[in-house]
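> Model the following, please.
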Amino acid sequence: MKKLVVCNQKMLLARDEAKLLRKALDDVDLSKINFIVCPSYINLDVFKGYNLGAQDAFYEDKGTFTGEISAYQLSLLNVKFVIIGHSERRMFDNEKVINAKVKAVLRNSMTPILCVGETKTDKSLRRTSEVIKRQLETALSGVVLDDTQEIIIAYEPVWAIGSGKCMQKEDIEDTILYIKKILSMLEISNYKIIYGGSITPKTIENIRNELVDGYLIGNSSVFLDDLNMIIKCIK
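The predicted model follows:
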């Protein structure tokens, strides 16, 4: 099975920079991976032709919600994936909102990329399992997938994001097995699990393993040389 490579460009690229990256990406061999680009909203059209993802979505389809962009609106732009519950968004969204966003994405025939993960404090207090269980149970409450639907779980330990540090391969595998156990309890069977958190050309070799279905790449996804090296290692 081809590995997923999800590129979260965050708010790192101005439009001209996005156009330069798009032009360079067109020369990269992506044939052996499933490649998903998640640009800023204003750059979605720049990456037309790729598998498009958004970095967030509002849970109501229409309404007087100034500044928001709905899952429904994104679906009309041929967006196929939406990142929900990223740690940089969880400071604004409670668990109820995250659950509503997951349902909105599914309702509009897109695939949620649901981020879960523990903070540095959670890790030091050995609460990783407790935190991940709660995040999955609340985000997926009332979610029932039909045969055409899928959810992608992105395990991103919050303490690792942007730190240059990465988990040991064995710890990643243990956590993924635990996530699979919780998903089975929740009767979610159509899923993939990917890993994120300081994925760079230096760390990818240490965290690469067969249990994960792919990787969520942040800052490195906007630097072509770094991204190319990561992709080559994954392939």
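> helices or strands next to the longest helix seen in the chain in the packing?
In the chain, taking DSSP state H as the definition, the longest helix is helix 169-185. Counting contacts by 3 or more Cβ pairs under 8 Å, 6 or more residues apart in numbering; DSSP states H and E, helix 169-185 is packed against helix 128-139, strand 151-155, strand 191-196, helix 204-207. Heads up, the C-betas are built off the backbone N, CA and C, glycines and all.
> Distance from the third one to the middle of the chain?
Mean-position distance between strand 191-196 and its chain equals 8 Å (Cα atoms, centre = their mean, to the nearest Å).
> Kindly state which of the helices and strands packed on helix 169-185 is positioned closest to Gly67.
helix 128-139 (23.1 Å; Cβ to Cβ).
> what's the average pLDDT for that closest one?
For helix 128-139, mean pLDDT is 96.
> And the contacts of stretch 224-234?
3, 5, 7, 21, 24-25, 28, 30, 33, 35, 199-201, 204-205, 208, 214-215, 217, 220-221 (Cβ atoms under 8 Å, 6 or more residues apart in numbering).
> ok, of the residues you listed, which come out buried?
3, 5, 7, 21, 25, 33, 35, 199-201, 204, 208, 214-215, 217, 220-221 (16 or more other Cβ atoms under 10 Å).
> Just the CA atoms of the helix or strand of the chain with the lowest mean pLDDT, as PDB, please.
Least confident helix or strand, the chain: helix 204-207 with a mean of 86, by mean pLDDT, DSSP states H and E. Extracted C-alpha coordinates of helix 204-207, given in PDB (Å, rounded to 0.1, in the frame of the first residue of the first chain):
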ATOM      1  CA  ILE A 204      12.400  10.500   9.100                       C
ATOM      2  CA  GLU A 205      14.800   7.600   9.000                       C
ATOM      3  CA  ASN A 206      14.500   7.000  12.800                       C
ATOM      4  CA  ILE A 207      10.700   7.100  12.900                       C
END
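> Check which element follows it along the chain.
strand 214-217 (DSSP states H and E).
> and the nearest residue to Ile132 once chain neighbours are set aside, how many neighbours?
The shortest distance from Ile132 to any non-neighbouring residue, by Cβ to Cβ, 6 or more residues apart in numbering, is to Val116 (5.2 Å). Around Val116 there are 25 other residues, counting by other Cβ atoms under 10 Å.
> where exactly do the helices run in the protein?
So, for the chain - with DSSP H - the helices run 15-25, 71-75, 87-90, 95-107, 120-124, 128-139, 169-185, 204-207, 224-234.
> Include distance to Asp147 when you put those into CSV, please.
Shown next, in CSV, are the helices of the chain (distance: least, Cβ to Cβ, whole Å):
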stretch, distance to Asp147
helix 15-25, 33
helix 71-75, 19
helix 87-90, 29
helix 95-107, 13
helix 120-124, 35
helix 128-139, 21
helix 169-185, 17
helix 204-207, 32
helix 224-234, 28
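> so which of those helices gets nearest Thr148?
Nearest to Thr148, of the helices of the chain and by Cβ to Cβ, is helix 95-107 at 10.3 Å.
> just to revisit the earlier point, dump the helices and strands packed on helix 169-185 to a markdown table, plus distance to Cys166.
Rendered in a markdown table, the data for these read as follows (distance: least, Cβ to Cβ, whole Å):
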| stretch | distance to Cys166 |
| --- | --- |
| helix 128-139 | 15 |
| strand 151-155 | 12 |
| strand 191-196 | 9 |
| helix 204-207 | 5 |
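> Alright, I will stop here.
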